[in-house]
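[1] Everything below, folded, please.
(one chain, ligands or ions: 1)
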Amino acid sequence: MNVLEVRHIQKNFGRHQVLSDLNFAVSEHSIFGLIGKNGAGKTTAMKMILGFLRPAGGEIRVCGENVIYGNTATNRLIGYLPDVPEFYGYMTAREYLTMCGRITGLTKLQTHEWLQELLPLVGLDGIKRRIHSFSRGMKQRLGIAQALLNKPRLLICDEATSALDPKGRKEILDLLSVAADQTTVLFSTHILSDVERICDSIGLLHEGRLALHGKLSEIKNTYRKETVRIETLNEAQARHLLECLDARSFIQSAERSQSSVTVQLHDPQKNGLKIIDMLSNEQIPILNYELLEPSLENVFLDVIK
Ligand SMILES: Nc1ncnc2c1ncn2[C@@H]1O[C@H](COP(=O)(O)OP(=O)(O)OP(=O)(O)O)[C@@H](O)[C@H]1O
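    Below you'll find the predicted structure:
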């Protein structure tokens, strides 16, 4: 089942058309990464899903219900985590979440029971300090707890890791992976390695629409260029290997970095074994022979070039 459906969404600010025909769907319990360069329209899309901006055309459905601009009932199904969430700094995490529970309409007992699960989940159980003394990472974890408080069907995270250091980012990414057991995550970012770490599917927003959309593994397979990295014993061997490769027609490109050579092949099915033959004929000993996965960054650059 699709928790989110975005169909033919258009949006312009004056003459500037930001979204021309945005289409995607996010299936239950998946983590969908909406990526795109700065200004591509990711936040604009998120705001429309939350009913904060009116689309110029198209429709958005959350759990089958239409999103209505202004005061949409579908927000009861959504938890939202911004890049830098704001809190009342004089409260403790428990006090703050208890207050949010009350605003959300949970009873005292419901909030208490849920916090018994939530606070350990986000690593803030037993922390009595006031929020103003929290690190950015702790605040972001508190933001996740707040966003999960109404047990949302969809958790929207807009650039949720962008302001964090690597440790803080890892904590949030791990948390989102765990959260996907209970909800569905829409995660917007321009940090592609974060997407590679946790997302099942991605949409690459470019020039107002998704230039690429689908399962991450399938996209990588489609964009797979057969690339191998060969590690030789030393730089002299690598230089020799490069000279041998330069003369072969089945090589698309070859580059050396210290004692390693990275090679792209023409027609890998036919020519894959030719490199092995050549290494053996030239008697070049190797330490490692590795088929390289295309990185999302390479795919991204390929699509938006
Ligand atoms: N209220 C507004 N009025 C006019 N232009 C706007 C408004 N909001 C956004 N824009 C423009 O729309 C474009 C998309 O902005 P948006 O914030 O959605 O991009 P983004 O992909 O989230 O970028 P970033 O990664 O930098 O946050 C930008 O060119 C931005 O300047």
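
[2] can you pull the contacts of the residue of the stretch 101-250 of the chain found nearest the ligand?
    Going by CB to the nearest ligand atom, the ligand is nearest to His190 of the stretch 101-250 of the chain, at 5.4 Å. To be clear about C-beta, it is placed using only N, CA and C from the backbone, and glycine gets the same treatment. Residues near His190 by CB atoms under 8 Å, 6 or more residues apart in numbering: 35-38, 159, 162.

[3] which one of those is nearest Ala211?
    Nearest to Ala211 among the contacts of His190 is Gly36, at 8.7 Å by CB to CB.

[4] who's in contact with that closest one?
    Gly36 neighbours (CB under 8 Å, 6+ apart): 42, 190, 204-206.

[5] Chain neighbours aside, what residue packs nearest to the residue nearest the centre of the chain?
    Central residue of the chain (CA atoms, centre = their mean): Val195, 2.7 Å from the mean position. Nearest non-adjacent residue to Val195, counting by CB to CB, 6 or more residues apart in numbering: Gly33, 3.8 Å away.

[6] and the one you found, what helix or strand is that in?
    strand 31-35 (DSSP states H and E).

[7] before we move on, back to that, how close does the residue of the stretch 101-250 of the chain closest to the ligand sit to Arg129?
    Using CB to CB, to the nearest Å, His190 is found at 32 Å from Arg129.

[8] any idea where the strands of this protein begin and end?
    Taking DSSP state E to define them, one finds strands in the chain at 2-13, 16-27, 31-35, 57-62, 65-66, 78-81, 154-158, 184-189, 201-206, 209-215, 227-232, 251-257, 260-265, 286-291.

[9] Save those strands as TSV, and put in mean pLDDT and mean neighbour count too.
    Shown next, in TSV, are the strands of the chain (pLDDT from 0 to 100; neighbours: other CB atoms under 10 Å):
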stretch	mean pLDDT	mean neighbour count
strand 2-13	96	19
strand 16-27	95	17
strand 31-35	95	26
strand 57-62	96	18
strand 65-66	96	13
strand 78-81	93	22
strand 154-158	94	24
strand 184-189	93	25
strand 201-206	94	24
strand 209-215	92	17
strand 227-232	89	19
strand 251-257	89	15
strand 260-265	88	19
strand 286-291	88	12
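
[10] Can you say which of those strands is nearest to Arg169?
    strand 184-189 (9.9 Å).

[11] Which ones among the contacts of His190 also lie next to the ligand?
    Subset of the contacts of His190 in contact with the ligand: 36, 38, counting by CB under 6 Å from any ligand atom.

[12] Which one of the contacts of His190 is nearest to Asn281?
    For the contacts of His190, the nearest to Asn281 is Ile35 (44.1 Å; CB to CB).

[13] thinking that closest one is in contact with Gly203, fair?
    Yes: using CB atoms under 8 Å, Ile35 makes contact with Gly203 at a distance of 7.2 Å.

[14] looking at the protein, which helix or strand does the model trust least?
    helix 296-304 (a mean of 78; mean pLDDT, DSSP states H and E).

[15] That one packs against which elements?
    With contacts taken as 3 or more CB pairs under 8 Å, 6 or more residues apart in numbering; DSSP states H and E, helix 296-304 sits against helix 192-198, strand 201-206, strand 209-215, helix 216-222.

[16] Let me have the contacts of Gly36 in JSON lines, extended by distance to Met138.
    Listed next are these as JSON lines, based on distance: CB to CB, whole Å:
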{"residue": "Lys42", "distance to Met138": "25"}
{"residue": "His190", "distance to Met138": "24"}
{"residue": "Leu204", "distance to Met138": "32"}
{"residue": "Leu205", "distance to Met138": "30"}
{"residue": "His206", "distance to Met138": "35"}
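
[17] May I ask which two of those are separated the most?
    Longest span within those, CB to CB: His190 and His206, 12.1 Å.

[18] overlap in contacts of these two?
    Taking CB under 8 Å, 6+ apart as the criterion, His190 and His206 both touch 36-37.

[19] which bits of the stretch 51-200 of the chain sit near the ligand?
    For the stretch 51-200 of the chain, the contact set with the ligand under CB under 6 Å from any ligand atom comprises His190.

[20] where do the helices sit along the stretch 51-200 of the chain?
    93-104, 108-121, 136-148, 166-179, 192-198 (DSSP state H, counting those that start in this stretch).
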